[in-house]
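Student: only geometry, no sequence info:
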């Protein structure tokens, strides 16, 4: 049994080539810092869904503008890929914005905030747990102690 499918190998190669081509060959000034986060190729190699992320540009207008530029450059990119990769048929490129990186950063910051608030809360409680000042015997102020109640 084969370890990797042909579509997976084609998708990996397309991702590498598209990353270089978009960075070096697409000269449109409207295009921001685009990274190719993944490529999925259909079973018949007719279509390639290219997932991209934009660094520092996450407003809906900027995302829409960058996707528009990439869709306009799809024919050029496809012809360049045909020159670089030996395929009988180069897949049609369809670009999609990948929100997973932004979502991951948001979740990571939420986790960091929660951990920081837990640490500060536990730090405040650790000073109050003894029930008294440092150096005082715990028996006098400890509610679980029976001293002086018999």
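Tutor: Okay, I see it. What you see is a predicted model, and the numbers here were worked out from it, not measured in a lab.
Student: Does residue 49 lie in a helix or a strand, and which?
Tutor: strand 47-54 (DSSP states H and E).
Student: can you check residue 39 too?
Tutor: strand 34-41.
Student: With residue 102 instead?
Tutor: Secondary structure assignment for residue 102, by DSSP H and E: helix 100-128.
Student: Under the pLDDT cut-off, which ranges of this structure? List them.
Tutor: Within the chain, the ranges that satisfy pLDDT under 70 run 1-4, 57, 126-150.
Student: Spatially nearest residue to the residue most central in space within it, not counting backbone neighbours?
Tutor: By C-alpha atoms, centre = their mean, the chain has its centre lying nearest to residue 101, at 1.8 Å. Among residues not flanking residue 101 along the chain, residue 53 sits closest, at 4.7 Å (C-beta to C-beta, 6 or more residues apart in numbering). (Each C-beta comes from the backbone N, C-alpha and C, glycine too.)
Student: Name all residues that make contact with residue 45.
Tutor: By C-beta atoms under 8 Å, 6 or more residues apart in numbering, residue 45 lies in contact with 7, 10, 87, 89, 91.
Student: No further questions, thank you.
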